[in-house]
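1. my questions are about this predicted structure, shown below with the sequence.
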Amino acid sequence: MDEKKTNEINKALNTILEFELAGVVRYTHYALMVYGYNRIPIVSWLRGQASESLAHADKAGELITHLGGHPSLAIGPLLETHNHDIGDILRESLAHELNTLNAYKNLLNIVTDESVMLEEYAREMIYQEELHLGEVDKMLRKPGDLSKFHA
């Protein structure tokens, strides 16, 4: 792989790293802001998402250093809407996860036919992000509603 391609891959991986680190902050914040009868299971789920985002950030950072790059210290976009209703939190999560999914898809486009390792990594992460988006989508649906959530 030439240096130009490696730099392009590292840039894409750093974008992923930044989105995942933003997920850590976002989900940790959300967990702190949940109130009401269902607080305990929702907080547990949000903290699990924060931990998962940190693990994903770590994977991206390890790949960056594997390729001889330098992991970013930046964090992806964070927007404090001050809307902490569970529906608002889930809709914001859905938007964030969609952006993260698109970053993984961008990486896959860059690495296809360049590196099996990076292709498999991107595919696995796309799989995980799509599963997560499906979970959030189901949580946003009304009971008994089988069709996908539409904002």
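-> Ah, there it is.
2. gap between the helix or strand hosting residue 120 and the chain center?
-> Here residue 120 sits within helix 116-140, counting by DSSP states H and E. Put simply, helix 116-140 sits 9 Å off its chain's centre (C-alpha atoms, centre = their mean, to the nearest Å).
3. give the buried residues for it.
-> Neighbour-count burial for helix 116-140 flags 118-119, 121-123, 125-126, 129, 132-133, 136-137, 139-140 (criterion: 16 or more other C-beta atoms under 10 Å). No exception for glycine: its C-beta is placed from N, CA and C like everyone else's.
4. helix or strand right after the helix or strand where residue 11 lies?
-> Following DSSP H and E, one finds residue 11 within helix 3-32. Remark: after helix 3-32, the chain's next helix or strand is helix 39-66, criterion DSSP H and E.
5. got the angle for that next one vs helix 3-32?
-> Helix 39-66 and helix 3-32 are oriented at 160 degrees to each other (axes from the mean of the first three to the mean of the last three C-alpha atoms, to 10 degrees).
6. what about the residue lying closest to residue 129 once chain neighbours are set aside, neighbour count?
-> Nearest non-adjacent residue to residue 129, counting by C-beta to C-beta, 6 or more residues apart in numbering: residue 101, 4.2 Å away. Per other C-beta atoms under 10 Å, the neighbour tally for residue 101 reads 18.
7. no further questions, thank you.
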